[in-house]
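> need the 3D shape of this:
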Amino acid sequence: LWVLLVGVNQYHDRRFPTLQYSTIDTQRLSDAFADVTQEFPNQSVQVFHDHATAPTLEAVRSGLEAIVNQAK
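Take a look at the predicted model:
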């Protein structure tokens, strides 16, 4: 199981409005995956949001690359 979750509340580009729930939704999805996948032998849940690992383009690309390498 490979999961990449990205949540952004605050964009660097001020033309985009601030979102109120994206980061919280991402955190809750991550928690839900952790609960229901405990028995999965092979899993990778990568989480990027404003209150954890910053969801920069470089970080997300790196996370996606890790998933591709793991999935082969």
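
> hey, let's count contacts and neighbours off CA atoms from now on
Noted.

> sec struct for the most far-flung residue of the chain relative to its centre, please.
For the chain, the residue at maximal distance from the C-alpha centroid (Cα atoms, centre = their mean) is R15, at 23.1 Å. Following DSSP: H, G, I helix; E, B strand; the rest coil, the label given to R15 is coil.

> gap between it and I24?
22 Å (Cα to Cα, to the nearest Å).

> what does L1 give?
Counting by Cα to Cα, the separation of L1 from I24 is 22 Å.

> out of these two, which sits in the busier spot?
I24 (16 against 13; other Cα atoms under 10 Å).

> and what about the more buried one, helix, strand or coil?
Here I24 takes the helix state, with states given by three-state DSSP.

> quick one: contacts for it?
Contact criterion Cα atoms under 8 Å, 6 or more residues apart in numbering gives G7 as the residues in contact with I24.

> so what's it scoring on pLDDT?
In this prediction, I24 carries a pLDDT score of 90.

> distance-wise, check it relative to F40.
Applying Cα to Cα to I24 and F40 gives a distance of 25 Å.

> got it, and V47?
According to Cα to Cα, V47 and F40 sit 18 Å apart.

> repeat that for H51.
Taken as Cα to Cα, the spacing of H51 relative to F40 amounts to 26 Å.

> these two: which is more packed in?
A direct count of neighbours by other Cα under 10 Å for H51 and F40 places H51 higher, at 13 against 9.

> W2 pairs with what?
With DSSP bridges as the criterion, the beta-bridge partners of W2 are S44.

> nice, that's everything, thank you.
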